[in-house]
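> I would like to see how this sequence folds:
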Amino acid sequence: MYYDRILLQKARSLRKNMTKQERFLWSRFLKRHPIKFLQQRPIDPYIVDFYCHQAKLVIEVDGSQHYTEEGMKSDKIRSDFLGQYGLEVIRFSNDEVWNHIKGVKYTINKKLKEKISTFDFDETEFLS
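Model prediction:
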């Protein structure tokens, strides 16, 4: 994939200026995860919040603008486009990340387990 210079600069800027929910998910989970994730990754004309190449998985953390009619339409177009590359997009609201991080971690790990046969995790740590 070709990335233009402006898109790369924007991704760099977004990495430095992540939302508090993105930063929380990154620092509390994805940064230390045994499966490698990249943050603010350009994929063609888009920049995704988090990307796992090994699982072909995109994780998006959505603010309130994503729940408007226009936002949901735009997200569908984006997800369909990324799907053409064989990527699956899972979305979490800011509230889910901020207030239900255990459920977010469980959902991500469960999806990784589906997509990567060698990945396993202890589901009991999420049951309390």
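
> give me the residue at the spatial middle of the chain.
Ile59 (1.6 Å; CA atoms, centre = their mean).

> leaving out sequence neighbours, find the closest residue to that residue.
Computed as CB to CB, 6 or more residues apart in numbering, the closest residue to Ile59 that is not its neighbour in sequence is Phe50, at 4.1 Å. Bear in mind the C-beta positions are built from the backbone N, C-alpha and C, glycine included.

> may I have the residues that are in contact with the one you found?
The contact partners of Phe50, by CB atoms under 8 Å, 6 or more residues apart in numbering, come to 22, 25-26, 30, 37-39, 41, 58-61.

> can those go into a markdown table with extra columns for distance to Gly103, secondary structure and pLDDT?
As requested, these are arranged in a markdown table below (distance: CB to CB, whole Å; DSSP: H, G, I helix; E, B strand; the rest coil; pLDDT from 0 to 100):
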| residue | distance to Gly103 | secondary structure | pLDDT |
| --- | --- | --- | --- |
| Glu22 | 17 | helix | 94 |
| Leu25 | 12 | helix | 96 |
| Trp26 | 17 | helix | 95 |
| Leu30 | 15 | helix | 95 |
| Phe37 | 18 | coil | 97 |
| Leu38 | 23 | strand | 95 |
| Gln39 | 21 | strand | 94 |
| Arg41 | 24 | strand | 90 |
| Val58 | 19 | strand | 98 |
| Ile59 | 14 | strand | 98 |
| Glu60 | 16 | strand | 96 |
| Val61 | 14 | strand | 96 |
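
> many thanks, have a good one.
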